[in-house]
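Q: Below are the sequence and a predicted model; questions follow.
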Amino acid sequence: MSKNHIAVVRDLVPQRPLLYEEALRYAELQADRLLELAKITHPAVPESVVTNLPRLEVRRYTPFPTSGASHFSEGKWLIAINGAEPETRQRFSLAHELKHIIDHAGSDLYFSNFPSQERAQMIERICDYFAGCLLMPRWWITAAHNNGTDYVHDLAAMFGVSPSAMTVRLSQIGIAGPTRRCATSPDTWPYPRAMRQRPRSHTKVPQTIH
């Protein structure tokens, strides 16, 4: 992936404080643009959309205290992923952390109008939304659904995500996808609530691989 791709998606966001709803809209624009630049046109989105970025390394740690974390050190970004978690959650965590990296340079400006007590949680939700948009683009899901793939578990398998993540994305798009009989579909993203609410700076990326 070109060195300039991450700069291109950063430039989609205006240099001013954002409303929460604006931040979500720009997150989806960034995800769509990143897929376009990477020439990815169908599910499931490969990890290379992140791993091919320059000056970025992905490591998996077991054990690891959270689903994922990101840290800039020695001229490159390190994304740490909990290798003990299901592959679908690892993919979601990777996309989530990429959004933190994209927003890093402008986060103090973009989110400055968010209520201080809720800011960290709102940023986590924006990163979750970006991850959902990147792994489950609106138009791809709509096309798959219109072509007859409408069970949540079938869509989740096609897109390489968890059924819970797919359930939320379908709700965001406005599609009521049926689940399989006897299946449950939680209405939360695959991030523990405590993980979504904590400031990202609280997790330190280890310097050695376990």
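A: Arrived safely, thanks for sending. Just so it is clear, the structure is predicted and the values come from calculations on it, not from any experiment.
Q: which other residues reach stretch 134-145?
A: Stretch 134-145 has contacts (Cβ atoms under 8 Å, 6 or more residues apart in numbering) with 28, 31-32, 34-35, 42-45, 49, 91-92, 95, 98, 155, 158-161, 165-166, 169-170, 173, 175, 177. Any C-beta I mention is one placed from the backbone N, CA and C, and that applies to glycine too.
Q: and those, which of them are in strands?
A: Among the contacts of stretch 134-145, no member falls in strands (DSSP state E).
Q: Which members of those residues are classed as buried?
A: Buried members of the contacts of stretch 134-145, counted by 16 or more other Cβ atoms under 10 Å: 28, 31-32, 34-35, 43-45, 49, 91-92, 95, 98, 155, 158-161, 165-166, 169-170, 173, 177.
Q: Tell me which of those fall in helices.
A: 28, 31-32, 34-35, 49, 91-92, 95, 98, 155, 158-159, 165-166, 169-170, 173 (DSSP state H).
Q: Report the separation between the spatially most central residue of the chain and residue 102.
A: With distances taken as Cα atoms, centre = their mean, the residue of the chain nearest its centroid is residue 131 (1.9 Å). Per Cβ to Cβ, to the nearest Å, residue 131 is found 11 Å from residue 102.
Q: Can you report how many residues neighbour residue 116?
A: Number of residues near residue 116 (other Cβ atoms under 10 Å) recorded here: 7.
Q: And the pLDDT at it?
A: Predicted confidence (pLDDT) for residue 116: 96.
Q: Pass me the low-pLDDT residue ranges in the chain, would you?
A: For the chain, the stretches flagged by pLDDT under 70 are 1-3, 177-210.
Q: Helices of that one, start to end?
A: Assigned by DSSP H, the helices in the chain fall at 5-10, 20-38, 48-51, 87-103, 107-110, 119-135, 138-146, 152-159, 163-173, 193-197.
Q: Chain neighbours aside, what residue packs nearest to residue 13?
A: Sequence neighbours aside, residue 26 is the residue nearest to residue 13 in space, at 4.8 Å (criterion: Cβ to Cβ, 6 or more residues apart in numbering).
Q: what do you get for residue 113?
A: residue 17 (4.2 Å).
Q: residues contacting that neighbour?
A: 109-113.
Q: Could you dump the helices of the chain into JSON lines with distance to residue 70 added?
A: Formatted as JSON lines, the helices of the chain follow (distance: least, Cβ to Cβ, whole Å):
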{"stretch": "helix 5-10", "distance to residue 70": "13"}
{"stretch": "helix 20-38", "distance to residue 70": "16"}
{"stretch": "helix 48-51", "distance to residue 70": "11"}
{"stretch": "helix 87-103", "distance to residue 70": "4"}
{"stretch": "helix 107-110", "distance to residue 70": "12"}
{"stretch": "helix 119-135", "distance to residue 70": "10"}
{"stretch": "helix 138-146", "distance to residue 70": "25"}
{"stretch": "helix 152-159", "distance to residue 70": "23"}
{"stretch": "helix 163-173", "distance to residue 70": "20"}
{"stretch": "helix 193-197", "distance to residue 70": "13"}
